[in-house]
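> I need the structure of the sequence given here:
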Amino acid sequence: MNQNGGSVGDTRNILNGWLNGAYRPMKRQAGRENENPLETGEGKSLEEKLYDTIYDAKLSHIIIDDGTQTLGMRLVDGMPNEGLMWKDEEVDVVPEIEEALEQKPERTKGVELLVLTSEMGWPYTGFARGSNSDIFIRREELRVWNVVRNGIELWRTQRVMPRCLYFPRSYLAIGNPGIGKSQNLGSFILYKLLHYDAEELPIVAYFCGVAAYIFEKSGGGGVGRVREYSKEAAITFMKNISSNTRGYIIYDFVNKGEQPPADVAPKWGSILISSPNERNFDSWFQQRERCARIVVNCWEMSEMRAFFSRVGPKLFPQATPVELREKWNMYENRVEHVGPSLRYVFDEAKHATREDDIDNEINSIKSHKRRELYIGVVGNKGEWRESDASHKLVKIVRACGRNNSEIYICVPHSESIKKRILNVVFSGIAEEWALVSGMTRDASVTGHYFEKNAIKYLCSPRVLTCFVSLITKLPANERARRTRTRKSILQHVRDDLLNACRPNTVSGDINWAESKGAPVELYVPCIPNYPVADAFFIVDEKQAAQASGTIGKKTIVLLQFTVASSHDTATDEFIHLLQSLLPTAEGGGHQNEATVEQLKEITEMFHWEIIYVQHFESTAMRSEQKCEITQGKAKHRSHQFVEGFWKNNVQQYHVQYEDNIVTKMLAVAAVGRR
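Okay, the predicted model is just below:
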């Protein structure tokens, strides 16, 4: 601008001046930058031809055709007709967590992939000769473009509003390593941006690997061109022109921990493509104005089959249809072992390395710290931890967060990997229980470890279902026969309601007004020495109440985990528990002992059960456990009341963790989602 005396003049002339003065000519195809334009076709330079090869990329699509095709997929030229093309509700999906975790059946008809073919390649390979000329667009890539396009349209609208301080939206697109973000997502966004109104977005900058490409669009019949820069030169170029023209930036850096400067071209739109490793984007994301996250899911099996239907004949040109099917079966099997990643399924060398990496990572779970990490993953609560190499076992899945924002949850790459994780996790627990039992005579140490872990894994719905099936009624005395005729109310609750149960942390007295009112709620105290119970259920389910004869009240089911052969309690402990359950306004939280009237109030709120859960090496309980009057309190009415209430109104049950219970729990847990 200084060179032009401060006058804006014609924007295109200024841009041409900067481009001609600053660019580093592309040298990806040796010697071609100096070819005679007449020999390179229609009088165009290499920079113009490379622009055209992206802009004019050939579009085709792959549809499901199980009737006639070798792999059940067929390539068709052109854009799909309206009846076959994806509907908005298929593409623009941000599901709730439970829905996101559901296994979806493979599609049986319609379009699986769009394919764009550029004769001279794509920037992600530096337009290298002989590189793959195809990029593949799934619903995921189209969804990202829809979000980006909507942001540009909003930016475009805001610019014409009086006194509106418009700033373009920036986006962070994150997905697992190896799913083709550079090849497919970055290239597709570039293609769509080049087709966007040239007057609105005359410049597109694409940072890819170690290089940067500046695409200057054609307008009014002009000629578009692309020129290559070093990243530093491109950033300088954009700083110089961004205040007087509009553009869009695609960042796709390859070095871990490398982030683009957030202050470059603040008035331009931008998208950063990254793995979920925060070191690649945290500073840029925080500083960039109104930055939003877009989560890109991994490939589905039907999409990978469509991909192979296109690349398979190129990889194996001599293969017969039968041999191609055999090859696909091999690749399909690899997905179960390494996850749905193009890089680690179809690249032979990288596949072998990834299998070794997965074996090493599975073995590392044996340490307590790493086992805790993967317990969270199996429970769909784990975090993405690049430094812990969890990405070798884990993929991210898009879900809906607060205020309709996009979040992701981490889940195992496949059922095979999930089962391997579970096997190590549960085997480690069993080994530690056995180790503690064999190396210490202090029952409190074993009891603490047993209580902590047994409750933790009881929160898994599949394990809870297994646990409930093992409940038996304790006889009144040792001479009486153990019976199953009187069942716990938990055994009358439908499995789907048990599976929906989630733990609530109890940090003190319970405020019943904040109860979620679910049919089954599990409460886990996080305060030491909580009286009588280590956890408890509140059951409020009509069908279960009818079946158990407890209509009209909720049922409280106390859980006591123990390694001892008996576990009697005392009246002061039971009073302490009852007092903690009193509604806060009625006496909960008080230091003074509750009155008989208050104790009657809380006991009459519920039907009462207790389940004693014993360590697999413990001597099994043979009869109901006692609640004895605390020494020196024999004449206290409150103690007399709770002693009688315990004896006459608390139904007692038992679960024994036998030698093979961990294996049983593993078998049940490994089948389902959690």
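
> distance of Val403 from Gly209?
One correction, residue 403 is Asn, not Val. With distances taken as C-beta to C-beta, to the nearest Å, Asn403 is found 35 Å from Gly209. Every residue, glycine included, has its C-beta placed from N, CA and C.

> Who has more neighbours out of the two?
Neighbour totals were compared for Asn403 and Gly209, and Gly209 leads with 15 against 5 (other C-beta atoms under 10 Å).

> I'd like the average pLDDT over stretch 339-349.
With pLDDT averaged residue by residue, stretch 339-349 scores 94.

> so how far is it off the chain centroid?
20 Å (C-alpha atoms, centre = their mean, to the nearest Å).

> Now Val563: closest residue in space that isn't a chain neighbour?
Here the nearest residue to Val563 in space, its sequence neighbours aside, is His615; by C-beta to C-beta, 6 or more residues apart in numbering that works out to 4.0 Å.

> ok, now how distant is the one you found from Gln656?
From His615 to Gln656 the distance is 9 Å (C-beta to C-beta).

> what residues does the helix or strand where Leu272 lies touch?
For Leu272, the element it lies in under DSSP states H and E is strand 269-274. Outside strand 269-274, the residues that touch it by C-beta atoms under 8 Å, 6 or more residues apart in numbering are 144, 148, 151-152, 155, 168-174, 181-182, 185-186, 189, 201, 247-253, 259-260, 280-281, 284-285, 288.

> Could you rerun that using 6 Å?
With C-beta atoms under 6 Å, 6 or more residues apart in numbering as the contact definition, strand 269-274 has outside contacts at 152, 168, 170-174, 181, 186, 248-252, 280-281.

> So of the residues you listed, which two are at opposite extremes in space?
Farthest apart among the contacts of strand 269-274 by C-beta to C-beta are Ile152 and Asn280. That separation is 24.0 Å.

> Next, the contact list for Met85, please.
Met85 neighbours (C-beta under 6 Å, 6+ apart): none.

> For it, give me phi and psi.
phi -70, psi 150 (degrees, to the nearest 10).

> pLDDT score for it?
pLDDT, read off for Met85, is 89.

> So what are the structural domains in this protein, by residue number?
Per automatic domain parsing, the structural domains of the chain span 17-295, 347-427, 440-671.

> Specify the beta-bridge partners of the residue nearest the centre of the chain.
Closest residue to the average C-alpha location of the chain: Ile409 at 2.0 Å, with C-alpha atoms, centre = their mean. Bridge pairing for Ile409 (DSSP bridges) gives the partners Val397.

> what do you get for Ile610?
Counting by DSSP bridges, the residues bridging with Ile610 are Leu558, Gln652.

> Surely it is in contact with Leu559?
No: look at Ile610 against Leu559 with C-beta atoms under 6 Å: they stay out of range, at 7.6 Å.

> and Pro503, how far is that from Ser488?
Pro503 is 19 Å from Ser488, by C-beta to C-beta.

> Of those two, give the one with the bigger neighbour count.
More crowded of Pro503 and Ser488, by other C-beta under 10 Å: Ser488, with 24 against 14.

> What's the separation between the more buried one and Thr472?
9 Å.

> circling back: between His615 and Gln656, who's got more neighbours?
Under the criterion of other C-beta under 10 Å, the comparison of His615 against Gln656 puts His615 first, with 23 against 16.

> and stretch 409-420, how far from the chain's centre?
11 Å.

> With stretch 572-585 instead?
40 Å.

> likewise stretch 183-192?
Offset of stretch 183-192 from its chain centre (C-alpha atoms, centre = their mean): 24 Å.

> same check, this time on stretch 239-255
That offset, for stretch 239-255, works out to 31 Å (C-alpha atoms, centre = their mean).

> mean confidence score for that stretch?
The model assigns stretch 239-255 a mean pLDDT of 89.

> So which residues of the stretch 151-300 of the chain form strands?
Under the criterion DSSP state E, counting those that start in this stretch, the stretch 151-300 of the chain contains strands at 170-174, 203-208, 211-216, 225-230, 247-252, 269-274, 291-295.

> And Gln652, how far from Val468?
Where Val468 is concerned, Gln652 sits at a distance of 16 Å (C-beta to C-beta).

> Looking at those two, which is more packed in?
Ranked by neighbour count (other C-beta under 10 Å), Gln652 and Val468 place Gln652 first, with 21 against 18.

> pLDDT wise, what is the more buried one at?
96.

> Thought Glu624 was touching it, still the case?
Yes: contact criterion C-beta under 6 Å: Gln652 and Glu624 qualify, at 4.5 Å.

> who touches both of these two?
Joint contacts of Gln652 and Glu624 (C-beta under 6 Å, 6+ apart) are Leu474.

> and the gap between Ile602 and Glu99?
Counting by C-beta to C-beta - Ile602 and Glu99 are separated by 39 Å.

> Which of those two has more residues huddled nearby?
Ile602 (20 against 12).
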